[in-house]
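J.: Predicted coordinates and the sequence they were generated for:
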Amino acid sequence: MDPAQRRALAVAAAEKRRLGTSNGPAGAKEDAHAEKKEASNRSDPRASELLVVFDKVHSEAVKRHKNTGLDAHHAPALRKAKRSVEESLQHGDNLTLSSLHTLKNVGHWVVSQLREHLEGEVTTVPSAKRARTVPAATPESFTWWYVNAKGERVEHRNDAEMKGSVGSETFRVSIMHSSGRMEKAWLPDAKAPPMSPK
């Protein structure tokens with residue numbers, strides 16, 4: 001049987017399925033196989049269907065980085081992966097989601113991000129980082145002290161870690177907010193008293 005005949009039979013079988021008619025047990029087998037294939041396509045979409053999903057996942061990664069300052073490498077990784085998928089499509093390969101990791105620049109992490117987005121389980125912050133909540137800064141209520149190069153508390157400005165040139169020195173300080181938030185900062189010479197406050 002040549003390819004044209006096979007194609008014609010496949011079109012006829014598809015039309016029968018669409019109309020709800022089948023031809024006995026062989027037709028039932030074909031119907032079951034078609035349903036299984038359709039379910040598989042829903043759970044494992046093709047690369048051509050994923051380009052829009054790449055854009056959505058990328059924009060969420062950019063937003064997450066802007067909001068938290070974490071995971072700056074996620075957006076570029078997703079851009080590279082999308083580029084690799086587009087090149088694969090130009091070569092005529094329309095891989096499934098499960099097999100995308102075989103492409104250069106597309107790892108298992110990228111596949112998992114796409115799958116999570118498709119399944120509607122997108123989280124704005126990864127679960128390991130979600131557990132870490134940082135208390136809010138309280139600019140009206142805090143204490144501070146100078147810190148030396150070892151990170152230890154010191155009382156005198158001259159003992160604190162210093163950087164900058166003469167006239168523009170900055171001194172390392174630790175800031176403890178009343179909310180429990182701890183920060184490290186550099187205090188400019190013009191605002192740095194000779195001793196830590198008591």
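T.: Now that the structure is in, tell me what you want to look at. Numbering: from 1, shown residues only.

J.: Need the three-state assignment for residue 186.
T.: Assigned by DSSP: H, G, I helix; E, B strand; the rest coil, the conformation of residue 186 is strand.

J.: Need the pLDDT of it.
T.: pLDDT recorded at residue 186 is 90.

J.: Spell out the residue ranges of the helices in this structure.
T.: With helices called from DSSP state H, the chain shows them at 3-19, 24-43, 47-68, 74-90, 108-119, 127-130.

J.: Run the chain-centre distance for the third one.
T.: Helix 47-68 has its average C-alpha position 7 Å from the chain's average C-alpha position, going by CA atoms, centre = their mean, to the nearest Å.

J.: From the recorded domain assignment, give the ranges for this protein.
T.: 3-43, 47-130, 142-191 (automatic domain parsing).

J.: Mind checking those domains for the one nearest to residue 136?
T.: Checking the domains of the chain against residue 136 by CB to CB gives domain 142-191 as the closest, at 5.4 Å. For every residue, glycine as well, the C-beta is placed using N, CA and C.

J.: can you give me how far that closest one is from the chain middle?
T.: 35 Å.

J.: can you pull the contacts of residue 182?
T.: Residue 182 is in contact with 174-176, counting by CB atoms under 8 Å, 6 or more residues apart in numbering.

J.: Kindly recompute the last result at 7 Å.
T.: 174, 176 (CB atoms under 7 Å, 6 or more residues apart in numbering).

J.: and residue 198, which of the domains of the chain is closest to it?
T.: domain 142-191 (8.9 Å).

J.: Just the endpoints, please. Distance across the closest one?
T.: Using CA to CA, to the nearest Å, the end-to-end distance of domain 142-191 comes out at 16 Å.

J.: hang on, the earlier thing: take the helices of the chain and write them to TSV, including distance to residue 187 and mean neighbour count.
T.: What follows is the helices of the chain, written out as TSV (distance: least, CB to CB, whole Å; neighbours: other CB atoms under 10 Å):
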stretch	distance to residue 187	mean neighbour count
helix 3-19	74	11
helix 24-43	57	11
helix 47-68	26	15
helix 74-90	34	17
helix 108-119	40	16
helix 127-130	30	9
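
J.: Let's have the ones you listed in CSV, adding mean pLDDT and distance to residue 195.
T.: Below are these laid out as CSV (pLDDT from 0 to 100; distance: least, CB to CB, whole Å):
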stretch, mean pLDDT, distance to residue 195
helix 3-19, 74, 84
helix 24-43, 56, 66
helix 47-68, 87, 36
helix 74-90, 90, 44
helix 108-119, 87, 50
helix 127-130, 53, 38
